[in-house]
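1. Here you go, sequence then predicted model.
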Amino acid sequence: SVIDVGQGLSVLVQTASHELLFDAGAASPRGLDMGEAAVVPTLRAQGIARLDTLLISHGDNDHSGGMGAVAAAFPGLRILGVEGWARPGMGLCQGTQAWQWDGVHFKVLHPPPLFPYLRNDSSCVLRIDAGGSVALLPGDIGKHVESRLLHDAAGLLRADLLLVPHHGSLTSSSLPFIAAVKPRWAVISAGAENRFHLPRAEIVDRYLQSGAAVLNTATSGAIRFRLDAAGARLVSTRRLDRPRYWREPASPGSGYAIDNQSSDR
């Protein structure tokens with residue numbers, strides 16, 4: 001489930017008996033904490049009483065800002081972060097890690113151990129294989145890391161579902177990377193009318209030209225997929241049959257705001 005957190009990212013990954021949250025959305029200086037306003041309510045609405053792991057891809061606020069609210073709502077939560085940013089008590093997300101839950105295989109492709117903290121390019125890249133259907137969550141990596149992955153992990157990049165790197169920025173989604181991943185679904189997590197003008201039209205067109213179906217939380221709301229031996233299937237997009245959670249920005253450039261007139265919570 002790609003949670004609608006406006007301009008940021010939060011993805012819930014569920015197996016038969018485990019839950020992992022990849023990033024936690026932003027916490028705005030104006031006081032809007034997406035962990036509290038969107039992520040935790042979404043998890044509660046899905047009946048989740050316990051999270052196994054919160055993995056923060058890197059330290060930028062739009063990915064890590066909601067971490068405190070999520071941690072407060074789920075005491076005892078295991079939290080992973082990247083080297084050079086991870087706080088005391090957190091584990092490290094490193095390219096040597098792999099584990100299995102309920103037959104679903106998780107593998108970290110980046111960063112390698114001792115990799116310097118470079119913000120976006122330090123993003124933890126997570127590969128999830130469920131019965132041969134693969135999802136790739138690359139955080140905000142740029143073209144340099146994409147090239148590194150093409151060299152070091154080319155055989156692991158093919159994926160049915162790709163979270164488009166860096167919200168569809170021009171700094172990412174190189175043509176060789178898209179060709180290697182060749183996603184059926186390319187999902188962008190972005191805020192409506194965000195000040196960064198993401199996703200960029202050129203990037204969306206690259207994915208469309210590759211044959212991928214492109215979805216954007218700014219227009220679709222929360223997006224849910226099911227991955228198993230039968231393939232990757234779109235389960236729902238929140239705004240197809242429900243009111244919008246997000247309206248136009250409350251202030252210029254904010255990229256997100258809660259619609260207090262909506263009954264959709």
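-> It's in. What you see is a predicted model, and the numbers here were worked out from it, not measured in a lab.
2. so how far is residue 138 from residue 108?
-> Applying C-beta to C-beta, to the nearest Å, the value for residue 108 to residue 138 is 11 Å. (Glycine included, C-beta is placed from N, CA and C.)
3. residues shared between the contacts of these two?
-> Common neighbours of residue 108 and residue 138, using C-beta atoms under 8 Å, 6 or more residues apart in numbering, are residue 125.
4. who's more crowded, the two?
-> Neighbours per residue (other C-beta atoms under 10 Å) separate residue 108 from residue 138, with residue 138 holding more: 28 against 21.
5. Mind listing residues that contact the helix or strand of the chain with the lowest mean pLDDT?
-> Ranked by mean pLDDT, DSSP states H and E, the weakest helix or strand in the chain is strand 231-237, scoring a mean of 91. With contact meaning C-beta under 8 Å, 6+ apart, strand 231-237 is reached by 133-135, 160-161, 184-185, 215, 220-227.
6. Quick check: the farthest pair among these?
-> Spatially, the most separated pair among these is 134 and 221, at 24.2 Å (C-beta to C-beta).
7. Helices along the stretch 151-265 of the chain, start to end?
-> 175-181, 201-210, 217-220 (DSSP state H, counting those that start in this stretch).
8. Just name the most buried of these.
-> Scoring those by mean neighbour count under mean count of other C-beta atoms under 10 Å gives helix 217-220 as the most buried, with a mean of 21.
9. Export only the CA atoms of that one, formatted as CSV.
-> C-alpha atoms of helix 217-220 as CSV (Å, rounded to 0.1, in the frame of the first residue of the first chain):
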residue,chain,number,x,y,z
THR,A,217,-0.8,9.5,-5.4
ALA,A,218,-1.5,13.2,-6.1
THR,A,219,-4.4,12.1,-8.4
SER,A,220,-5.1,8.5,-7.3
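10. Show me what that helix is packed up against.
-> Secondary-structure packing of helix 217-220 (3 or more C-beta pairs under 8 Å, 6 or more residues apart in numbering; DSSP states H and E): strand 185-188.
11. could you dump the strand it packs on to CSV, C-alpha only?
-> Extracted in CSV, the C-alpha atoms of strand 185-188 (Å, rounded to 0.1, in the frame of the first residue of the first chain):
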residue,chain,number,x,y,z
TRP,A,185,3.5,-0.4,-12.8
ALA,A,186,5.4,2.8,-12.0
VAL,A,187,4.0,4.5,-8.9
ILE,A,188,4.8,8.1,-8.0
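12. Within the sheet, what are the partner strands of that strand, with directions?
-> The strands that strand 185-188 pairs with in its sheet are strand 161-163 (parallel), strand 213-216 (parallel) (by DSSP bridges).
13. returning to what we had before: okay if I get the helices of the stretch 151-265 of the chain as a markdown table plus distance to residue 23?
-> Shown next, in a markdown table, are the helices of the stretch 151-265 of the chain (distance: least, C-beta to C-beta, whole Å):
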| stretch | distance to residue 23 |
| --- | --- |
| helix 175-181 | 19 |
| helix 201-210 | 20 |
| helix 217-220 | 13 |
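14. Output these as CSV; include the columns distance to residue 82 and mean pLDDT.
-> Formatted as CSV, these follow (distance: least, C-beta to C-beta, whole Å; pLDDT from 0 to 100):
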stretch, distance to residue 82, mean pLDDT
helix 175-181, 20, 99
helix 201-210, 24, 98
helix 217-220, 24, 96
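15. and residue 80, helix, strand or coil?
-> Of the three states, residue 80 takes strand under DSSP: H, G, I helix; E, B strand; the rest coil.
16. Surely it touches residue 94?
-> No. The criterion here is C-beta atoms under 8 Å, and residue 80 misses it with residue 94 at 9.0 Å.
17. For these two, indicate the residue with more neighbours.
-> Neighbour count, other C-beta under 10 Å: between residue 80 and residue 94, residue 80 has more, with 21 against 17.
18. Residue 50 versus that one, what's the distance?
-> 17 Å.
19. ok, now residue 230?
-> Using C-beta to C-beta, residue 230 is found at 28 Å from residue 50.
20. out of the strands paired with strand 185-188, nearest to residue 104?
-> Nearest to residue 104 among these is strand 161-163; the distance by C-beta to C-beta comes to 13.4 Å.
21. Distance from that closest one to the middle of the chain?
-> 9 Å (C-alpha atoms, centre = their mean, to the nearest Å).
22. Cool, thanks, signing off.
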